[in-house]
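J.: Fold the following for me, if possible:
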Amino acid sequence: MSLHEKIKADYLNARKSNDNSKKNILTMVLSDALKLTKEKNHGDTVSDDDMTKIIKSWIKKTDQSIEILTANKKDVSELSAEKEILLSYLPKTWSFEETKSYIEKISKEKNTKEISQIMKELKTNYNGLFDNKIASEIIKSL
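T.: Numbering: from 1, shown residues only. Here you go, the predicted model:
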């Protein structure tokens, strides 16, 4: 089952169980997915990579909203719940230590410390499993 299909199924379950928080955020994600299918003109299918990008963009928007509401001393519990829902659809990312070990391994195999070469190798073989910012910092410290 693709990520898009899983989200559709979870959306229907949220509607049936009156889980408004989950239903609302998944509506937004599915809406963006629908826009993407119309733009790319490829039927009803959305790749897992595209769905991951959509989810990450919604997490970023939610984080920004949380920051603004926190600064204004407003309740962020609903937004936090939505963020947790979104995070549940993303694959687990590596910890700092795991990322560092993979980078060191690639650096030794390729005999290089160049950011571009190591990042290219990481993205080719392990895309979505690491945080780009953390990986970049580790490579710079080699």
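
J.: show me where the protein has strands.
T.: Under the criterion DSSP state E, the chain carries no strands.

J.: Per-residue confidence, the residue in it sticking out farthest from the centre, what does it come out as?
T.: Here the chain reaches farthest from its C-alpha mean at residue 111, the gap being 30.7 Å by Cα atoms, centre = their mean. The model reports residue 111 with a pLDDT of 88.

J.: residues touching residue 91, list them.
T.: 52, 128-129 (Cβ atoms under 8 Å, 6 or more residues apart in numbering). Where you see a C-beta, it was placed from the backbone N, CA and C, and this is true even at glycine.

J.: mind giving me the domain ranges of the protein?
T.: As assigned by automatic domain parsing, the chain contains the domains 3-87, 96-140.

J.: List the single closest residue to residue 140 in space, sequence neighbours excluded.
T.: Among residues not flanking residue 140 along the chain, residue 115 sits closest, at 7.0 Å (Cβ to Cβ, 6 or more residues apart in numbering).

J.: I'd like to know how far the one you found sits from residue 32.
T.: Counting by Cβ to Cβ, to the nearest Å, the gap from residue 115 to residue 32 is 31 Å.

J.: With neighbour numbers in mind, choose between those two.
T.: A direct count of neighbours by other Cβ atoms under 10 Å for residue 115 and residue 32 places residue 32 higher, at 17 against 13.
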